[in-house]
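Novice: here is the input, now give the coordinates:
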Amino acid sequence: LDFDNTFFKSSIQFMITLIITCGLIALSAYLVALTRRGSGPFAAGVLTTALNILIPIVVKLLVLIERHAREDDRQRSMYIKVTLFRWVNTAIATKFITPFNSTLGAEKDDLLVAINGILWSEFWLVPLLSVSDIMGNLSKHFFAPRAKVEFQMFLCFTGTNYNLADKYTDITKIVFLCYYYCPLNPSILLLGSLTLLVRYYADKFCLLRLWGAAPALGTQMAEFSRKYFLSLAVVIGVIISAYDWALFNFDRVCLSDVPVDKGTYAVTIKGENMFSYIDVTQETAVRVCKDSVCCEEIGFKFPPIPSLLENDEFKWMTNKQREISQIYGLFSAVVLIVFLVGTFGNTLWNAFQSLFVGRYEESAQGQDQNIDFSNLEGVEAYIPQIKDSSFPYPLLACDIDEVKQNLIGFIPDGESYDDDNLIFDVPYEGMKRKKIIGDTLGVSMIAQHDSYEVQLNTEKERHLFSVVKHWPHGGK
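Specialist: So this is what the prediction gives:
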């Protein structure tokens, strides 16, 4: 964490990592397209799921380039990039790399077959890998018995690292995929709900049995995900549904102004050297669009209502379809407006008002519950610590002599917090005191220990590390 980083520098760092993430999205879409053409939708679904697991690891490494003052800011930046990758890689890119008239087919290159392959892969592959905990079991059952010292063995049992932002993006990805394609295949909602149910029990097992401790971030990440991305997934699903209803049947066939005579016609079956005979009983004719210009490839026109999509030259909707598309298109516009106003309206209004009047509201900070911090149980204080995967416990980087030991946040494996405190690693002239040898966990504060002795040479006393103190309410 970097408290000196400016907003401008943070924005530049964010844009650099975002551009790299977009490059990874393009590369992943290309690999998935090659796999679909060569090995079919099931292999492409497995590859998509594998990329959804591996590429976010690369994104996490990219986020290390950025500097943030708070851990939840770093998690939020990671959340945005991983969500962008997973949404595009799982749902959007799949639709773009599929030919327009292959949307509803049942062949291996068709869209719905590919989506089913992705969702089935998400249903079983990701939970199986999580519960298997390959690296965790390898660490516990292979490396731990071969550890040279006890300290090294303890490191093998700290649990598998997990990231809260990664878990939230994994859930929003499934929700987004289901809402994106439910108009074309409503049964995907059932499969998606089963997938979320399996993920819940798999993650619950991993949280209680396999994973290590994660940073205490509070509810910021959950609120951020719910306010912006889960609601955005629903809104995008509504908008895409309106387009899908309007563009149905996805067959490049439009009505023709040139009538056709009734009768029996001989036609050549595509791909076969044979004729077949068909009976034409209506004078209404249709025509197949060219690959370069198609009535159903209308570009971006919003809202997707018939008056904007169709024209005198290109008409493909039935009367009922035209009526439903009119209602659904207008409804999607209303949903988008409600989302934008509900999500960003209050923030923009407060920002506008702050230009003219003060916006501080005491009620917005919560109400005084008349409960003192000193009387709370299970609450940790902010104690400067350094977490390193090479050590089973955090390393303290401050003077904690006058802090209650139950506020530090962890219980050391040894007899004293002095064993995990960096201030005693390099003795220097002017140290406040020497390291206490023995058990100091039996007292409330280290300063109350019988062996606690402050060196009296105050003229040479220097503090190379911060000092943390606690003044309990009422002196308790």
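Novice: what about residue 262, how many neighbours?
Specialist: 11 (other C-beta atoms under 10 Å). Yep, even glycine has a C-beta here, placed from its N, CA and C like the rest.
Novice: and it, how far from residue 277?
Specialist: Note on residue 262: its distance to residue 277, by C-beta to C-beta, to the nearest Å, is 14 Å.
Novice: same check, this time on residue 32
Specialist: Residue 32 sits 42 Å away from residue 277, taking C-beta to C-beta as the criterion.
Novice: ranges for the helices of the stretch 51-200 of the chain?
Specialist: Chain-ordered helices for the stretch 51-200 of the chain, with DSSP state H, counting those that start in this stretch as the definition, fall at 71-87, 93-96, 111-132, 134-138, 150-155, 164-181, 188-209.
Novice: tell me what the first one is packed against?
Specialist: Helix 71-87 sits against helix 7-39, helix 41-63, helix 164-181, helix 220-224, with contacts defined as 3 or more C-beta pairs under 8 Å, 6 or more residues apart in numbering; DSSP states H and E.
Novice: need the winner for burial among those.
Specialist: helix 164-181 (a mean of 22; mean count of other C-beta atoms under 10 Å).
Novice: using PDB, list the CA coordinates for that one.
Specialist: Output of helix 164-181 as PDB, limited to C-alpha atoms (Å, rounded to 0.1, in the frame of the first residue of the first chain):
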ATOM      1  CA  LEU A 164     -12.400 -12.100  -2.300                       C
ATOM      2  CA  ALA A 165     -12.600 -10.100  -5.600                       C
ATOM      3  CA  ASP A 166     -12.000 -13.200  -7.600                       C
ATOM      4  CA  LYS A 167     -14.900 -15.000  -5.900                       C
ATOM      5  CA  TYR A 168     -17.300 -12.200  -6.500                       C
ATOM      6  CA  THR A 169     -16.300 -12.000 -10.200                       C
ATOM      7  CA  ASP A 170     -16.900 -15.700 -10.500                       C
ATOM      8  CA  ILE A 171     -20.400 -15.400  -9.300                       C
ATOM      9  CA  THR A 172     -21.300 -12.300 -11.400                       C
ATOM     10  CA  LYS A 173     -19.900 -14.100 -14.500                       C
ATOM     11  CA  ILE A 174     -22.400 -16.900 -14.100                       C
ATOM     12  CA  VAL A 175     -25.300 -14.500 -13.500                       C
ATOM     13  CA  PHE A 176     -24.300 -12.400 -16.500                       C
ATOM     14  CA  LEU A 177     -24.000 -15.500 -18.800                       C
ATOM     15  CA  CYS A 178     -27.400 -16.700 -17.800                       C
ATOM     16  CA  TYR A 179     -29.200 -13.400 -18.300                       C
ATOM     17  CA  TYR A 180     -27.300 -12.800 -21.500                       C
ATOM     18  CA  TYR A 181     -28.600 -15.900 -23.200                       C
END
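Novice: which helices and strands does it pack with?
Specialist: Under the contact definition 3+ C-beta pairs under 8 Å, 6+ apart, helix 164-181 sits against helix 41-63, helix 71-87, helix 111-132, helix 188-209, helix 220-224, helix 231-247.
Novice: can I get the ones you listed in a markdown table with mean pLDDT and distance to residue 165?
Specialist: Compiled in a markdown table, the helices and strands packed on helix 164-181 are given as follows (pLDDT from 0 to 100; distance: least, C-beta to C-beta, whole Å):
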| stretch | mean pLDDT | distance to residue 165 |
| --- | --- | --- |
| helix 41-63 | 80 | 9 |
| helix 71-87 | 80 | 4 |
| helix 111-132 | 83 | 16 |
| helix 188-209 | 90 | 14 |
| helix 220-224 | 78 | 6 |
| helix 231-247 | 84 | 16 |
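Novice: out of the ones you listed, nearest to residue 175?
Specialist: When the helices and strands packed on helix 164-181 are ranked by distance to residue 175, counting by C-beta to C-beta, first place goes to helix 231-247 at 4.9 Å.
Novice: residues making contact with that closest one?
Specialist: The set of residues that contact helix 231-247 without belonging to it, under C-beta atoms under 8 Å, 6 or more residues apart in numbering, is 172, 175-176, 178-180, 182-184, 296, 298, 302-306, 309, 317, 321, 324-325, 328-329, 331-332, 335-336, 339, 343.
Novice: just the angle for it relative to helix 71-87, thanks.
Specialist: Here helix 231-247 runs at an angle of 20 degrees relative to helix 71-87 (axes from the mean of the first three to the mean of the last three C-alpha atoms, to 10 degrees).
Novice: so who does the closest residue to residue 112 other than its chain neighbours touch?
Specialist: Nearest in space to residue 112, with sequence neighbours left out and distances taken as C-beta to C-beta, 6 or more residues apart in numbering, is residue 185 at 5.3 Å. Residues near residue 185 by C-beta under 8 Å, 6+ apart: 112, 115-116.
Novice: report the buried members of the contacts of helix 231-247.
Specialist: Neighbour-count burial (16 or more other C-beta atoms under 10 Å) applied to the contacts of helix 231-247 gives 172, 175-176, 178-180, 182-184, 296, 298, 303-306, 309, 317, 321, 324-325, 328-329, 332, 335-336, 339.
Novice: related to what we said a few turns ago, out of the helices of the stretch 51-200 of the chain, which gets nearest to residue 444?
Specialist: Smallest distance to residue 444 across those (C-beta to C-beta): 27.0 Å, for helix 150-155.
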